[in-house]
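S.K.: Sequence and predicted structure are below.
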Amino acid sequence: MSTTPNVPYRLEFSVEVPGTPEQVWQAIATAKGMSAWFAPTEMEEREGGSLHFTMGPEMGSDGQVTAWEPPRRLVYEEDWAALMGMDPDALSPLTSEFLVEAQSGGTCIVRVTSSGFGTGAAWESEFWDTMGPGWMPFFDNLRLYLSHFPGQEATHLEATASHPGDADALWSTLHHALGLRDEGATVEVRGATGTVERVGERQTLVRLTAPVPGMLSVFAWDEGDGKATAGVRAYLFSAEAADYARREEPAWQAWLQG
C-alpha cells in the first residue's frame, strides 16, 4: 500500500560570498562550477535539464532543473526516494532553490532553501538533522573558490577509510598526524603546503599553494554502529593537477587505511 507524503521538511540558510552575480551564478548553476566546490556534476544548463551529482563510488543523485533564471535564481529537484532506496510513493522530490542577491562592495548573498515531504519516519528526521551540518562545509569551499579560483575547472582527489571507534577520537588522531592547526596557520600536509582557511567540527579546510594550487578538506564523520570514517577531498586547479591527483589519491587512500 502506498503512503501519501505529507510531513514537511525544510532547511534554510544564507551565505555571503565574493564575486559578481555572474561569477556566483557560474559557480552555483553550471556543471563546471558545481564540480569545483561541491561534487562532480553533470547538468543540462537550462530549465527542464537533467542533473546528476556523483557522491562517491557507485553513489549518486539524479534530478532535474525546474527553474533557470540567470544570474538570479536556480531551482532543481532530486529523486529523494531513489537516493535513499525508498518507496517512490512515500517521498516527494527533494527541492533546492538558490537565490543570488548582489551586495555593495563586490559580494553577493546566496540564499539556499531545501525542502521536501515525507511520512514522518524517524530516518527522515535524521536525514534532515544531518543535512545542514553535512552541507554547510561545502559553502566554505564556495567562498574559497570564488576568492581564489573563480571560473576555473577543478580536478578531484578523494580518499576515505572506515575505522572502528568514535569519530571524535578518529578526528583527533587525524588532526594530530597531519599537523593541522588554527585558521590562518601555514601548514604542510603530506608534502603539500597551504594555509588553514576554516576549522569546523571534525573538519579543516586548507587552501593549497604547492605543489599544485587548490582546496583540501580533511574530515571525519560518524558512521554509527561503532564506526567512523576519515577522509580527504581536494579540488585542484592547474595543468599539473590531473597527474598529481593520479599519483596522490592512492597514496592518500593507503595512508588513511593504515
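M.R.: Good, I have the coordinates.
S.K.: In the longest helix along the chain, which residues are buried?
M.R.: The residue-count maximum for a helix in the chain (DSSP state H) belongs to helix 122-148. For helix 122-148, a neighbour-count test (16 or more other CB atoms under 10 Å) marks 124, 127-128, 136-137, 139-146, 148 as buried. C-beta coordinates here come from the backbone N, C-alpha and C atoms, glycine included.
S.K.: now swap in stretch 95-102 and tell me
M.R.: Thr95, Ser96, Glu97, Phe98, Leu99, Val100, Ala102.
S.K.: Equivalent analysis for stretch 106-122, please.
M.R.: Thr107, Cys108, Val110, Val112, Ser114, Ser115, Gly116, Phe117, Gly118.
S.K.: And this protein, what are its domain boundaries?
M.R.: Per the record, the chain has its domains at 7-149, 155-257, by the TED database.
S.K.: just checking, which of the buried residues of stretch 106-122 belong to strands?
M.R.: Under the assignment DSSP state E, those contribute Thr107, Cys108, Val110, Val112, Ser114, Ser115, Gly116, Phe117, Gly118 to strands.
S.K.: of those, closest to Thr54?
M.R.: Ser114 (18.9 Å; CB to CB).
S.K.: Can you name the next helix or strand after the longest helix of the chain?
M.R.: Remark: after helix 122-148, the chain's next helix or strand is strand 155-164, criterion DSSP states H and E.
S.K.: List the pairing partners of that following strand within its sheet, with orientation.
M.R.: strand 227-236 (antiparallel) (DSSP bridges).
S.K.: what does the strand it pairs with rub up against?
M.R.: 36-37, 141, 145, 149, 154-167, 169-171, 174, 208, 212-223, 244-245, 252, 256 (CB atoms under 8 Å, 6 or more residues apart in numbering).
S.K.: so how many other residues sit close to Glu69?
M.R.: 13 (other CB atoms under 10 Å).
S.K.: Ala39 too?
M.R.: 18.
S.K.: Wait, it touches His52, no?
M.R.: No. Here Ala39 does not reach His52: they are 9.5 Å apart, not a contact under CB atoms under 8 Å.
S.K.: how about stretch 25-43 as PDB, C-alpha atoms only?
M.R.: C-alpha atoms of stretch 25-43 as PDB (Å, rounded to 0.1, in the frame of the first residue of the first chain):
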ATOM      1  CA  TRP A  25      26.000  32.100 -11.000                       C
ATOM      2  CA  GLN A  26      28.800  30.300 -12.800                       C
ATOM      3  CA  ALA A  27      29.800  28.700  -9.600                       C
ATOM      4  CA  ILE A  28      26.300  27.500  -8.400                       C
ATOM      5  CA  ALA A  29      24.400  26.900 -11.600                       C
ATOM      6  CA  THR A  30      26.900  25.200 -14.100                       C
ATOM      7  CA  ALA A  31      28.400  21.700 -14.100                       C
ATOM      8  CA  LYS A  32      31.900  23.200 -14.200                       C
ATOM      9  CA  GLY A  33      31.200  25.500 -11.300                       C
ATOM     10  CA  MET A  34      29.400  23.000  -9.000                       C
ATOM     11  CA  SER A  35      32.100  20.400  -9.600                       C
ATOM     12  CA  ALA A  36      34.700  22.900  -8.400                       C
ATOM     13  CA  TRP A  37      33.400  23.200  -4.800                       C
ATOM     14  CA  PHE A  38      30.700  20.600  -4.300                       C
ATOM     15  CA  ALA A  39      30.500  17.200  -6.100                       C
ATOM     16  CA  PRO A  40      31.300  16.100  -9.600                       C
ATOM     17  CA  THR A  41      28.300  17.300 -11.500                       C
ATOM     18  CA  GLU A  42      26.600  16.700 -14.800                       C
ATOM     19  CA  MET A  43      24.000  19.300 -15.700                       C
END
